[in-house]
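Q: what's the 3D shape of this:
(chains A, B and C)
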Amino acid sequence: MVNTILTIALVLIMLSMVIALIRFILGPSSLDRVVAFDIMTIASIAMIAVLSNLAGRIIYLDIAIVYGLLSFLAVIIIAKYLEKSL
Amino acid sequence: MKFKNWFLMFIIVFIVWILLNNSFQIDILIPGIIVAFLVSSLFCKRCNLFSEIILTPKAFVYTFIYLGVFFIELIKSNLDVARRVLTPSLPINPGIVEVKTTLKSKFGRMLLANSITLTPGTLTVEVIDDSFFIHWIDVKEDTVEAASKEIVKKFEKYLEVIYG
Amino acid sequence: MWEIKIYNMELLGAIITLMGSLVLLIAAIGLIRMPDIYNRLQVGTKATTLGTIMSLFGLLLIMPDWSGKFILLILFIMMTNPVSSHVVARAAYFIKIPFTSRTVVNKLKPDGNVINVSVENQKEVITESLKH
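A: Got it, this is the predicted structure:
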């Protein structure tokens, strides 16, 4: 029962990543793509957490923490670079 | 003052270590104390980030009230956003307004800007001295005073007690 | 008795995780539907923050042994998500990405000076900011 609901949640998170990918391809400016990238990374943090629960391995959560750190830094550095104030 | 900065940094690094290792065993705690001592001694020479926090019981109580208010506002803002997104006519009325704050400390202003970003329909775009420029998805008030009363006041009265 | 209670706890956690993923789906739909980058950021920041916090909290209820890492992730997302959206909004303002035509008021000029907008000259200020 619990695993079924978690699998449905996993499918919904993947669907939201696919919809964000459409905005990533369409996006008129590069900052629209940065916003879509931000949403995709945050959705993938939730996805890694659900996957670690389904697989029963705590070590996957470390990957989620490192991934969150790196995506935060990446968004800030890309935004500062486009602002030409790096 | 310097000891307070060092001590708060030590406590924060130690708590992060415990949460990251997810256990209270003695062979985890002793390296944690050593690492937290080294990090907070080496990297906290000039940090005055925490020097403005007021450590009184009243501030401690107000921190929890502030967190409660914050979570209620976060859930309200999400219901608001979901209503706007799922309505077919897309009911938005956006614009950038200016608000003023009376908070003095930098850390308090940062927390206020973060809280404004997560409350219904507002997003901080720029901070110049004591005026915040806020993108509001549904502009109701145009003037500075009315917009400040609408957006800032509900957090300011708690943050004033905690950070001064 | 105890068994039933634990089972209900897991079911509650799974349902909260499902609701969090629905909030993430709303964020993605809003990203498609909103007309300009500032409104996209509004939807993106709020909905992804609550969606991820709800997903992680539901998983915390399912696996209470792992609660330390989940709490660390929740605190981290609560601290960093508004900051990154603030940086992106500021960059979008300073490289002059145009507003949508439904914008009603703009009090921040591109060079950082404050102007007062009255009802009569709102329209020309908007067209001016669209030109940039």
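
Q: pull the CA atoms of stretch C:59-69 into CSV?
A: Provided in CSV are the C-alpha atoms of stretch C:59-69 (Å, rounded to 0.1, in the frame of the first residue of the first chain):
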residue,chain,number,x,y,z
LEU,C,59,9.2,10.3,4.2
LEU,C,60,10.3,11.3,7.7
LEU,C,61,7.1,9.9,9.1
ILE,C,62,7.6,6.6,7.1
MET,C,63,11.3,6.2,8.2
PRO,C,64,11.7,7.9,11.6
ASP,C,65,15.2,6.3,11.9
TRP,C,66,16.6,8.6,9.2
SER,C,67,15.1,11.8,10.6
GLY,C,68,18.4,13.7,11.0
LYS,C,69,19.2,13.9,7.3
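
Q: hmm, who's touching that stretch?
A: Contacts to stretch C:59-69, defined as CB atoms under 8 Å, 6 or more residues apart in numbering or on different chains, come from residues A:2, A:49-50, A:53, A:58, A:61-62, A:65, B:18-23, C:9-10, C:12-14, C:16-17, C:70-71. Glycine gets a C-beta too; all of them are placed from N, C-alpha and C.

Q: now restrict those to buried residues only.
A: The neighbour count (16 or more other CB atoms under 10 Å in any protein chain shown) marks A:2, A:49-50, A:53, A:61, A:65, B:18-19, B:22, C:10, C:13-14, C:16-17, C:70-71 as buried among these.

Q: list the residues that contact B:Ser115.
A: So B:Ser115 contacts B:Phe70, B:Glu73, B:Phe155 (CB under 8 Å, 6+ apart).

Q: likewise for B:Val85?
A: Here B:Val85 is in contact with C:Ile26, C:Ile29, C:Gly30, C:Arg33, C:Met34, C:Val43 (criterion: CB under 8 Å, 6+ apart).

Q: how near is B:Asn114 to chain A?
A: 14 Å (CB to the nearest CB, to the nearest Å).

Q: wasn't that residue part of a helix?
A: Yes: B:Asn114 sits within a helix when classified using DSSP: H, G, I helix; E, B strand; the rest coil.

Q: I'd say it and C:Pro82 touch.
A: Yes: applying CB atoms under 8 Å, one finds B:Asn114 in contact with C:Pro82, separated by 4.2 Å.

Q: what's the helix or strand for A:Val18?
A: helix A:2-26 (DSSP states H and E).

Q: quickly note the distance from C:Ile62 to C:Thr49.
A: 21 Å (CB to CB, to the nearest Å).

Q: and the two? Which one has more around it.
A: C:Thr49 (25 against 20; other CB atoms under 10 Å in any protein chain shown).

Q: so who does the closest residue to that one other than its chain neighbours touch?
A: Leaving aside its sequence neighbours, C:Thr49 sits nearest to C:Asn81 (CB to CB, 6 or more residues apart in numbering or on different chains; 4.9 Å). For C:Asn81, the contact set (CB under 8 Å, 6+ apart) comprises A:Ile42, C:Thr45, C:Thr48, C:Thr49.
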